[in-house]
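> please find the sequence and the predicted model below.
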Amino acid sequence: MHLTEERQDMEDVEKSLNFIEHIIEDDLKNGYSNDELRFRFPPEPNGYLHIGHASSICLNFGLGLRYGAPVNLRFDDTNPAKEEKEYVDAIKRDVDWLGYNWKSERYASDYFQQLYDWAEELIVKGKAYVDSQTSEEIAEQKGTPTEPGTESPYRHRSVEENLTLFRGMKNGDFKEGEHVLRAKIDMESSNMLMRDPVMYRILHKPHHRTNTDWCIYPMYDWTHGESDYIEQVSHSLCTLEFLPHRELYNWFLDQLVSEDKLRPKQREFARRNLSHTVVSKRKLLRLVEENVVTGWDDPRMPTISGMRRKGYTPESIRNFAETIGIAKRENVVDVSLLDFHVRDHLNKIAPRVMAVLNPLKVVITNYPEDGEEWLDAENNPEDQSSGFRKVPFSRELYIEQEDFREQANRKFFRLKLGGEVRLKNGYIIKAESCTKDEDGNVIEVQCSYDTKSKSGSGTEESLRKVKGTLHWVSIKHAIQAEVRLYDRLFVDATPDAHKDQDFMEFVNPDSLEKVTGFMEPSLKDAKIGDRFQFQRLGYFNVDLDSKPEALVFNRTVTLRDTWAKLEQSC
Ligand code: ATP
Ligand code: MG
């Protein structure tokens, strides 16, 4: 026994299989053919997809790619009170943006008639009945995990009476809450979900697809497995909270599956949680409704649309999902791992530019008053094909305030009085003096430059090494743009894990800072979505709010993980 397990483990490691793939491989060995494999991603269109869904998308579509199997996009749209077309559209956009193609777009609502017909069959077989108690009464009779439930007084209604009432429910003869249809299973089951679960409830609400055709709606458990069966999904993968539902999933299938059809299997994996945020559509909706953020696609949101707007790439999200893989136990993945993947990809693809966000004026006193030259600047040292651009240099520049100190110790490699630095793509300058305002703040630094030190000019001086290199912009050529600097949306790593506190109490009040940035003029033609590295500052992209005459940039991610340092020093 041990040996076989070990062998199996070794095989898995070799093929780097996760435990779901392991299950599939076993099924392939034990009679399934590759052609029978079929998967689905089944979102409920009651909100926008988030990073947790990205894991599930990558899992299901990844399996599709690995086994050459079709993957359906199935909307689990059985609750018209919460679902909307807007969400359907957003979900399609997001899955598509992540780079996956679904075989077929399906809706649980496509199956309402079939589900209804099957429900009547269950009634006829004595496996379902109409209960006319209130939901409170039904709840009271459920029992507890250690005490059996109590049978409903309506449990033994005749088939005829059940059919008449159920048809009445369907035809709109009753008010909401007057009746429900329940499966007749076992009120003493140790699994509470098997205690005559509700299959249908009356809801006089129009549905975004079936409009007012139906006023009874099937419950999740009744719908999900049957939809899998209709679509002949071989492996129905869901998150761990559905583990106790598996017994019910199977019970419903037992009532229906015919010999010649494939019987879907439900298997569970752990929900993915990300630190410093919440991954639940319901909670994200609160952030939107209570105006903590500007919308579902606010760049601070862990939604796929928020991450897209913030400048994340589909590749980085897929790489992140692949790295964390899937697990059997829930845990919280640190958001810095996601940031790492975003940086890793942007480093390869984002052109480098110079922008100053916190400007301090520098005057090069030995540079001609009206002098101007255009320096060669490499677009991306990680990508030789990206070429060079020109950046203007002149007598008056901006550098970052934090890059200058009047006095500093030897470890400060930036500009200090009497010290030298290289201006990126340009010359070596030396700080000679500075001017201060009445409060003692430095408002201008006067420098001299080494006239022969221009980068790439081939002179001995151009190769001269100084410790620091600073980014800068020429004031008279700079364009101005709004720059949105985002921080984590929550100050706590697990905002929704506190028993006595609402997650909203942990919202970071400083999650957004807007500043005016000064940028090299090559950025004036930047288009919405374009991504850049602002050298030494981080990765940025052009926000949706941007206009040609009023550019807006988002900070996608800083160049380094500043939080890790902060947390270490605490
Ligand atoms: P939420 O609580 O955010 O609404 P949900 O599970 O109700 O999540 P669904 O639209 O039903 O959302 O989810 C679609 C699929 O995505 C399901 O298979 C679900 O199990 C999976 N999923 C949802 N959240 C996560 C997560 N955090 N990690 C991994 N998979 C997830
Ligand atoms: Mg849900």
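Good, I have the coordinates. Ligands and ions are numbered 1, 2, ... in the order given.

> would you mind listing what in the protein touches ligand 1?
Applying Cβ under 6 Å from any ligand atom, we find that the chain lies next to ligand 1 at 42-44, 52-53, 55-56, 76, 238-239, 271-272, 279-282. Where you see a C-beta, it was placed from the backbone N, CA and C, and this is true even at glycine.

> from those, keep the buried residues only.
42-44, 52-53, 55-56, 76, 238, 271-272, 279, 281 (16 or more other Cβ atoms under 10 Å).

> in strands only, show me the residues you listed.
In this view, those that belong to strands under DSSP state E are Cys238, Arg272.

> for the buried ones among the residues of the chain next to ligand 1, which one is nearest ligand 1?
Taking Cβ to the nearest ligand atom as the measure, ligand 1 sits nearest to Gly52 out of those, at 2.1 Å.

> report pLDDT for the closest one.
Gly52 is assigned 97 on the pLDDT scale.

> where do the domain boundaries of the protein fall?
Listed by automatic domain parsing, the domain ranges of the chain are 18-269, 274-351+481-563, 360-381+388-469.

> residues in contact with the residue nearest to Glu290 when sequence neighbours are not counted?
Closest residue to Glu290 apart from its sequence neighbours, by Cβ to Cβ, 6 or more residues apart in numbering: Met504 at 7.2 Å. Contact partners of Met504, counting by Cβ atoms under 8 Å, 6 or more residues apart in numbering, are Arg286, Leu287, Glu290, Val292.

> any of the residues you listed buried? List them.
Buried among those by 16+ other Cβ under 10 Å: Leu287, Val292.

> how close does the residue of the stretch 301-450 of the chain found nearest ligand 1 get to Lys205?
Using Cβ to the nearest ligand atom, the single residue of the stretch 301-450 of the chain nearest to ligand 1 is Ile326, 8.2 Å away. Separation of Ile326 from Lys205 (Cβ to Cβ, to the nearest Å) stands at 36 Å.

> list the buried residues in the strand or helix carrying Thr164.
Using DSSP states H and E, Thr164 falls within helix 159-171. By 16+ other Cβ under 10 Å, the buried positions in helix 159-171 come out as Asn162, Leu165, Phe166, Gly168, Met169, Lys170.

> quick one: buried residues of the longest helix belonging to the chain?
Criterion DSSP state H: the longest helix present in the chain is helix 51-67. Neighbour-count burial for helix 51-67, counted by 16+ other Cβ under 10 Å, picks out 51-64, 67.

> ok, so of those residues, who is nearest Ser336?
The nearest member of the buried residues of helix 51-67 to Ser336, counting by Cβ to Cβ, is Ile51 at 13.5 Å.

> picking up where we left off before, how about the buried residues of helix 159-171 in CSV, adding pLDDT and distance to Thr435?
Listed next are the buried residues of helix 159-171 as CSV, based on pLDDT from 0 to 100; distance: Cβ to Cβ, whole Å:
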residue, pLDDT, distance to Thr435
Asn162, 98, 90
Leu165, 98, 88
Phe166, 98, 86
Gly168, 98, 87
Met169, 98, 82
Lys170, 98, 82
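
> closest to Ala139 among these?
Distance to Ala139 across those (Cβ to Cβ) is lowest for Met169, with 19.7 Å.

> what's the nearest residue to that closest one if we skip its chain neighbours?
Using Cβ to Cβ, 6+ apart, the closest residue to Met169 is Ile216 (5.0 Å).

> so that neighbour touches Leu203, yeah?
Yes: in this structure Ile216 lies within contact range of Leu203 using Cβ atoms under 8 Å: 7.2 Å.

> how near is the residue in the stretch 101-250 of the chain positioned nearest to ligand 1 to Lys328?
Going by Cβ to the nearest ligand atom, ligand 1 is nearest to Thr239 of the stretch 101-250 of the chain, at 3.5 Å. Look at Thr239 and Lys328: by Cβ to Cβ, they are 11 Å apart.

> identify the contacts common to the two.
Joint contacts of Thr239 and Lys328 (Cβ under 8 Å, 6+ apart) are Phe269, Ala270.

> which residues touch the closest residue to Lys127 other than its chain neighbours?
Once flanking residues are discounted, Lys127 sits nearest to Lys184: 5.4 Å by Cβ to Cβ, 6+ apart. Counting by Cβ under 8 Å, 6+ apart, Lys184 touches Gly126, Lys127, Ala128, Tyr129, Arg155, Asp196.

> OK, contacts around the closest residue to the third one other than its chain neighbours?
So the one you mean is Ala128. Spatial nearest neighbour of Ala128, excluding adjacent residues (Cβ to Cβ, 6+ apart): Leu122 at 4.0 Å. Residues near Leu122 by Cβ under 8 Å, 6+ apart: Ala128, Ala183, Met199, Gln255.

> which SSE is Leu122 in?
Here Leu122 sits within helix 112-124, counting by DSSP H and E.

> quick one: average confidence on that helix?
On average, helix 112-124 scores 98.

> chain center to the helix holding Thr164, what's the gap?
44 Å (Cα atoms, centre = their mean, to the nearest Å).

> against which helices or strands is it packed?
helix 112-124, strand 128-131, strand 198-202 (3 or more Cβ pairs under 8 Å, 6 or more residues apart in numbering; DSSP states H and E).

> deepest-packed of the ones you listed, please.
A comparison of these by mean neighbour count, using mean count of other Cβ atoms under 10 Å, puts strand 128-131 on top with a mean of 25.

> quick one on the thing from earlier: partner residues bridging the residue nearest to Met169?
Beta-bridge partners recorded for Ile216 (DSSP bridges): Ile202.

> counting neighbours, what do you get for it?
23 (other Cβ atoms under 10 Å).

> which residues does it contact?
Ile216 touches Tyr116, Met169, Lys170, Leu181, Tyr200, Arg201, Ile202, Leu203, counting by Cβ under 8 Å, 6+ apart.

> what's Ala327 sitting at in phi/psi?
Backbone torsions of Ala327, given as degrees, to the nearest 10, read phi -140, psi 170.

> out of everything not next to it in sequence, what's closest to it?
Ala270 (4.5 Å).

> isn't the one you found up against Lys328?
Yes: the pair Ala270 / Lys328 is scored as a contact, 6.0 Å apart, by Cβ under 8 Å.

> more neighbours: these two, which one.
Ala270 (15 against 11).

> can you pull the contacts of that one?
Residues near Ala270 by Cβ under 8 Å, 6+ apart: Thr239, Leu240, Ile326, Ala327, Lys328, Arg329, Glu330, Asn331.
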